[in-house]
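>>> With the input below, show me the fold.
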Amino acid sequence: MSASRLSPPLPDLIAQRGNSGEYPENTLPALRSALELGARHVAFDVQLTADRQPVLLNDSNLKRMAGLDRSALEMAWHQLAEISVTEPDRFQRQFNDIGVPTLAQAAMLMGTHPSVTAFIEIKRASLRVFGTDVVVRKVCEVLKPIVRQCVLVSRDLTAVHHVRQVSSCRIGWILSEYSNLSALKSEALVPDYLLCDHELLTPTNAQLWRGPWRWVIQNVSSRETAAQLAARGAKLVATTSFRKLLRELKAGAERA
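Model (predicted):
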């Protein structure tokens with residue numbers, strides 16, 4: 001039997017913040033592009049506006065996305081809807097008139113692709129400002145029509161526990177450190193998914209912690225790294241270079 005046949009299957013790809021390598025992250029064009037490229041999994045971030053509207057944003061401050069030094073958490077939705085989020089430092093003037101999507105808009109788009117799974121990160125900035133119960137309930141309410149497609153994740157362990165209490169949604173915990181303490185907490189939580197940045201992993205070829213969860217390794221940008229992670233037990237990798245990595249994995253599969 002050849003070595004390639006002995007190798008574990010390469011992980012599935014998650015389009016991190018949509019096709020964010022080519023479009024402003026967490027926007028509808030980024031999500032649509034990922035879906036058009038055939039993504040089976042997408043990931044995006046959620047914050048709350050001042051009037052408790054769940055929207056797709058990673059940073060609470062709009063400086064990076066819109067060139068505006070202002071907190072989205074202090075703005076009502078009707079104010080935020082007037083702002084273009086075109087990532088000017090990264091894309092210069094390539095895009096214009098792209099707005100912040102509401103979670104409801106993203107859910108509607110996901111509903112037209114029922115076989116696609118969405119990993120939705122509840123951001124800690126909103127949890128601190130509005131409280132765990134408010135944020136989790138607002139997000140879960142919007143996601144009810146597509147709950148079977150969703151995995152709600154957070155770095156905040158309390159928020160992940162709360163999702164399990166108030167929703168049938170699958171859950172995932174994003175590790176802030178790959179440590180023995182995190183392993184013990186994972187065993188107590190028993191999430192559906194464990195998520196971790198690949199740079200946080202110990203620099204060995206040791207197997208990832210075994211458990212009932214599936215591993216998602218974030219910020220992966222090469223086929224070589226994806227293959228190494230598959231050998232360690234990762235089932236999914238998230239990437240901001242979705243088109244590039246998808247092409248590399250397909251080319252590798254054709255050569256095998």
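>>> what's the neighbour count on residue 187?
Number of residues near residue 187 (other Cβ atoms under 10 Å) recorded here: 12. The C-beta positions use only the backbone N, C-alpha and C, and glycine is treated the same way.
>>> does it count as helix, strand or coil?
Judged by DSSP: H, G, I helix; E, B strand; the rest coil, the three-state class of residue 187 is helix.
>>> which ones are touching it?
Counting by Cβ atoms under 8 Å, 6 or more residues apart in numbering, residue 187 makes contact with residue 211.
>>> where's it relative to residue 133, distance?
Separation of residue 187 from residue 133 (Cβ to Cβ, to the nearest Å): 26 Å.
>>> Likewise for residue 98?
Counting by Cβ to Cβ, the gap from residue 98 to residue 133 is 32 Å.
>>> More neighbours: which of those two?
The neighbour count for residue 98 versus residue 133, taken as other Cβ under 10 Å, is higher for residue 98 (20 against 13).
>>> Verify the stated contact: that one with residue 87.
No - look at residue 98 against residue 87 with Cβ atoms under 8 Å: they stay out of range, at 9.1 Å.
>>> Contact partners for residue 168?
Residue 168 makes contact with residue 147, according to Cβ under 8 Å, 6+ apart.
>>> before we move on, what about the one 3 residues further on?
With contacts defined as Cβ under 8 Å, 6+ apart, residue 171 is in contact with 151-153, 160, 163-164, 191-193.
>>> Filter those down to the ones in helices?
Among the contacts of residue 171, the subset assigned to helices under DSSP state H consists of 160, 163-164.
>>> helices and strands of the chain: which one has the lowest mean pLDDT?
Each helix and strand of the chain was given a mean pLDDT (mean pLDDT, DSSP states H and E); the minimum falls on helix 3-6 at a mean of 50.
>>> List the neighbours of the helix or strand encompassing residue 119 that are in contact with it.
Here residue 119 is covered by strand 117-122, with elements defined by DSSP states H and E. With contacts defined as Cβ under 8 Å, 6+ apart, strand 117-122 is touched by 14, 40-46, 103, 106, 110, 135-136, 139, 143, 146, 149-154, 156, 159, 163, 172, 174, 193, 195, 216, 238.
>>> Distance from the chain centre to that strand, please.
5 Å (Cα atoms, centre = their mean, to the nearest Å).
>>> strands paired with it, and their directions?
Paired with strand 117-122 in the same sheet, following DSSP bridges, are strand 41-48 (parallel), strand 150-154 (parallel).
>>> The ones you listed: which one's closest to residue 226?
Checking the strands paired with strand 117-122 against residue 226 by Cβ to Cβ gives strand 41-48 as the closest, at 13.6 Å.
>>> which secondary structure elements does the helix or strand just after the closest one contact?
Elements were assigned by DSSP H and E; along the chain past strand 41-48, the next helix or strand is strand 54-56. In terms of contacts (3 or more Cβ pairs under 8 Å, 6 or more residues apart in numbering; DSSP states H and E), strand 54-56 is packed against strand 41-48, helix 103-111, helix 132-143.
>>> again, only this time at 10 Å
Using 3 or more Cβ pairs under 10 Å, 6 or more residues apart in numbering; DSSP states H and E as the contact criterion, the elements in contact with strand 54-56 are helix 28-36, strand 41-48, helix 77-80, helix 103-111, strand 117-122, helix 132-143.
>>> Most tightly packed of the ones you listed?
Highest mean neighbour count among these (mean count of other Cβ atoms under 10 Å): strand 41-48, with a mean of 25.
>>> Between residue 98 and residue 87, which contacts overlap?
Between them, residue 98 and residue 87 share these contacting residues under Cβ atoms under 10 Å, 6 or more residues apart in numbering: 23-24, 27, 65-66.
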